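>>> predicted model follows, preceded by the sequence.
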Amino acid sequence: MRVSSDDSAQPPSGGLYTPEERRRRDASPWTLVQGILAPLQFLVFLVSLALVLRFVLTGEGYFAATVSVVIKTFVLYVIMITGSIWEKVVFGKYLFARAFFWEDVFSMLVLALHTAYLVALATDAPVTTQMALALAAYASYLVNATQFVLKLRAARLQQARAVASDMVGAAP
């Protein structure tokens, strides 16, 4: 691990980004990609959750529920891959960067459960097992999405504090 005596290399206390990380984040096209994929994934999740719950509650719509979970899983893989690239650009690590360590740890559980669903589907596991895995994957996704929303909020608050601090420091 590299230790720096440069104070700008460490994020402000309680902050997510150093000034250099914030610059890389703001300059990266991967930030826009994540900004588009995250709400898209949430929309796909909501539609799929409704279809899965409809099937679980009524026994109708298995095919639609299954297709929706596969699409949700595909979108998850895409956002995980592009998110890893974003993390590499901003923090220099594909996964488990200091600022997003626990979100990445939980993301591994989300990926594992979605992948387990695909395995259950591919191996013709009982439908109850498939749907239980889908619902477990979705519950873990909700926790993970909440983690990221809280981080986004923290980053916005950090940026607002930095702007306010700069304005106070620039006052005549």
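Ah, there it is.
>>> what is the burial count for residue 98?
11 (other CB atoms under 10 Å). C-beta: built from backbone N, CA, C; applies to glycine.
>>> right, and it touches residue 87 too?
No. Contact criterion CB atoms under 8 Å: residue 98 and residue 87 do not qualify, at 10.5 Å.
>>> next one: stretch 122-134 to chain centre, how far?
The chain centroid and the centroid of stretch 122-134 are separated by 24 Å under CA atoms, centre = their mean, to the nearest Å.
>>> tell me what the host helix or strand of residue 51 is packed against?
Remark: residue 51 resides in helix 29-58, with elements defined by DSSP states H and E. Contacts defined by 3 or more CB pairs under 8 Å, 6 or more residues apart in numbering; DSSP states H and E place helix 29-58 against helix 62-91, helix 127-170.
>>> for those, give me TSV that also has mean neighbour count, distance to residue 49 and mean pLDDT.
Shown next, in TSV, are the helices and strands packed on helix 29-58 (neighbours: other CB atoms under 10 Å; distance: least, CB to CB, whole Å; pLDDT from 0 to 100):
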stretch	mean neighbour count	distance to residue 49	mean pLDDT
helix 62-91	18	8	97
helix 127-170	15	6	84
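>>> in a markdown table, list those along with distance to residue 22.
A markdown table is the format used below for the helices and strands packed on helix 29-58 (distance: least, CB to CB, whole Å):
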| stretch | distance to residue 22 |
| --- | --- |
| helix 62-91 | 9 |
| helix 127-170 | 7 |
